[in-house]
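A.B. asks: structure of the sequence below:
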Amino acid sequence: MRRAVCPGSFDPVTNGHVDVITRAAGLYDELVVAVLVNPGKAGLFTVDERMELLREACADLPNVTVDSFHGLLVDYCREHDIPVIVKGLRAVGDFEYELQMAQMNRELAHVETLFVPTAPQVGHLSSSLVKQIAKFGGDVSRLVPKAVLDRLLAQREQGA
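C.D. replies: So this is what the prediction gives:
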């Protein structure tokens, strides 16, 4: 069985994330979308909320499961017998950083990395930009899955 993990903070999940996840799900028998637990960083959504939003966004992908991890991703890969990491790339800057990580992950744990370039229509998306636009009342309806949009609008209404 071909297994891979697609890691990230997903705070919030964007249509760019969904693009990469969907395409990776077509390449592997099982794809685990793993949310990084970073206790030193306050997110817009809790890890549990992000996992729930990812499950909703990936509901039509039967071979995708959602989990969380803390610490080194390669340790998670070893513990779960996952030999491949899938990373989405938006631009050259992403590649430079991700290449170093891929080489280190291969050195540490013999885990390979597959780079998936985002589709042109979502290549400009980032969670940080979506959060900023939403914070100032901008329209993010074309940038995020419906479940995320609903949560962002609810937060806006509550004054969060």
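A.B. asks: all contacts plus neighbour counts: C-alpha atoms, from now on.
C.D. replies: Noted.
A.B. asks: now do the helices in this protein.
C.D. replies: Taking DSSP state H to define them, one finds helices in the chain at 15-25, 47-57, 73-79, 92-109, 127-135, 146-158.
A.B. asks: looking at the ones you listed, which one is packed in the most?
C.D. replies: Greatest average neighbour count among those goes to helix 15-25 (a mean of 22), per mean count of other C-alpha atoms under 10 Å.
A.B. asks: pull the number of nearby residues for the nearest residue to residue 35 once chain neighbours are set aside.
C.D. replies: Nearest residue to residue 35, sequence neighbours excluded (C-alpha to C-alpha, 6 or more residues apart in numbering): residue 68, at 4.4 Å. Each residue near residue 68 was counted by other C-alpha atoms under 10 Å, and the total is 18.
A.B. asks: compare the helices of the chain and give me the one nearest residue 117.
C.D. replies: With C-alpha to C-alpha as the criterion, residue 117 lies closest to helix 15-25 of those, at 7.7 Å.
A.B. asks: which residues touch the closest one?
C.D. replies: The contact list for helix 15-25 (C-alpha atoms under 8 Å, 6 or more residues apart in numbering) reads 6, 10, 31, 33, 57-58, 61, 63-64, 86-88, 116-119, 122-123, 125-126, 142-145.
A.B. asks: just stretch 78-89 next, same as before
C.D. replies: Residues contacting stretch 78-89 (C-alpha under 8 Å, 6+ apart): 3-7, 17, 20, 24, 77, 95, 98, 109-118.
A.B. asks: ok and the lowest-mean-pLDDT helix or strand in the chain relative to helix 15-25, angle-wise?
C.D. replies: In the chain, no helix or strand scores lower on mean pLDDT, DSSP states H and E than helix 146-158, which sits at a mean of 88. Angle between the axes of helix 146-158 and helix 15-25 is 160 degrees (criterion: axes from the mean of the first three to the mean of the last three C-alpha atoms, to 10 degrees).
A.B. asks: contacts for helix 146-158?
C.D. replies: Contacts of helix 146-158 (C-alpha under 8 Å, 6+ apart): 12-13, 53, 56-57, 134-135, 137, 140-141.
A.B. asks: and the gap between the residue nearest to residue 35 and residue 83?
C.D. replies: 17 Å (C-alpha to C-alpha, to the nearest Å).
A.B. asks: that older thread, and the pLDDT at the residue nearest to residue 35?
C.D. replies: Note for residue 68: predicted pLDDT of 97.
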